[in-house]
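**Q** Here is a sequence together with a model predicted from it:
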Amino acid sequence: SYSAEPKIDGISASLTYKNGIFEKGLSRGDGKEGEDITSNLFTVKDIPKKILSNDFPQDIDIRGEIFIQNSDFNNLKEKFANPRNAASGSLRQKNPEDTKKIPLKFIAYTFGYEKGLKINNQFDFLKQLDKWGFKTNPLNKFITGVKNLINNYKDIEKKRADIDFDIDGIVYKINEFTLQK
């Protein structure tokens, strides 16, 4: 079984939570060292700042994508080349009040490290993210069999022009965490 997740074309972000409190946010940076963008991420409404659920891990790095919907980008076209550049530029603002004016969205899709996670597969993790208050990609699917992976690709390709955010492919993950390792 697989988790099929259309890859949003945005900026990757890692959110550190300790005891349910959002403490720090990093971008991918140069690929080796992330850039601290915490103050700007605090302005993104889609990012939960505090999670009260008893089953939320005491220490976890939630990973996801910061992006701008295509419909929101129409109002920013004069300032940026495309939605991805708009998201990236917005996260690098020196003043978080400037970032707050940009309609940034966040969709969660995985975790980096965790302490206390009681879930053993990707699709259940995605469902749990939603229960904890994170937004996830509405096009995510649980799929079995290689033939169905190909059918899913064809379905997404047909819908691609109507999706309100840019995607740059589909990430297929083996569903069971033990098999992923």
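**A** That came through fine. Numbering: from 1, shown residues only.

**Q** What pLDDT does the model give the closest residue to S14 other than its chain neighbours?
**A** Residue nearest to S14 in three dimensions, not counting chain neighbours: L26, with 4.8 Å by Cβ to Cβ, 6 or more residues apart in numbering. C-beta: built from backbone N, CA, C; applies to glycine. L26 carries a pLDDT value of 93.

**Q** in the sheet, who's paired with the residue nearest the centre of the chain?
**A** Centroid-nearest residue in the chain, with Cα atoms, centre = their mean: G64, separated by 2.4 Å. Per DSSP bridges, the residues bridged to G64 are A13, A108.

**Q** again, but for E114
**A** Going by DSSP bridges, E114 forms beta bridges with I60.

**Q** so it sits right up against Q58, yeah?
**A** No - here E114 lies out of contact with Q58, judged by Cβ atoms under 8 Å, at a distance of 9.1 Å.

**Q** Identify each buried residue in stretch 55-69, please.
**A** Across stretch 55-69, burial judged by 16 or more other Cβ atoms under 10 Å covers F56, P57, I60, D61, I62, R63, G64, E65, I66, F67, I68.

**Q** Correct me if wrong: the first one contacts W132.
**A** Right, the one you point to is F56. Yes - the criterion here is Cβ under 8 Å, and F56 meets it with W132 at 5.8 Å.
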